[in-house]
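Engineer: need a structure here:
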Amino acid sequence: MDSDQALRKELLALLEGQQAHMKFEDALADFPAEFINATPPNVPYTFWHLVEHLRITQ
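Structural biologist: Model prediction:
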């Protein structure tokens with residue numbers, strides 16, 4: 001296998017295999033709704049802002 005094929009195989013494994021992350025839906029499944037507009041300490045945005053940013057970028 002040449003390096004181009006090896007790189008493509010590895011990239012597909014990372015994108016499809018969920019080796020380094022969980023599904024977006026799974027990450028949010030148990031998030032308490034009452035905290036969605038709460039601002040965490042030392043952070044200038046709410047959880048909703050972070051989730052919306054992730055949704056748009058994905």
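Engineer: Could you state which residue of this structure sits nearest its centroid?
Structural biologist: Residue closest to the average C-alpha location in the chain (C-alpha atoms, centre = their mean): Phe24, at 5.5 Å.
Engineer: Could you report the pLDDT at that one?
Structural biologist: Per-residue pLDDT puts Phe24 at 75.
Engineer: which one is it nearest to, not counting chain neighbours?
Structural biologist: Leaving aside its chain neighbours, Phe24 sits nearest to Gln58 (6.3 Å; criterion: C-beta to C-beta, 6 or more residues apart in numbering). Using the backbone N, CA and C atoms, a C-beta is placed for each residue, glycine as well.
Engineer: One more: Asn37?
Structural biologist: Per C-beta to C-beta, 6+ apart, closest to Asn37 is Thr46, 5.1 Å.
Engineer: In this structure that neighbour contacts His53, no?
Structural biologist: No. Look at Thr46 against His53 with C-beta atoms under 8 Å: they stay out of range, at 10.9 Å.
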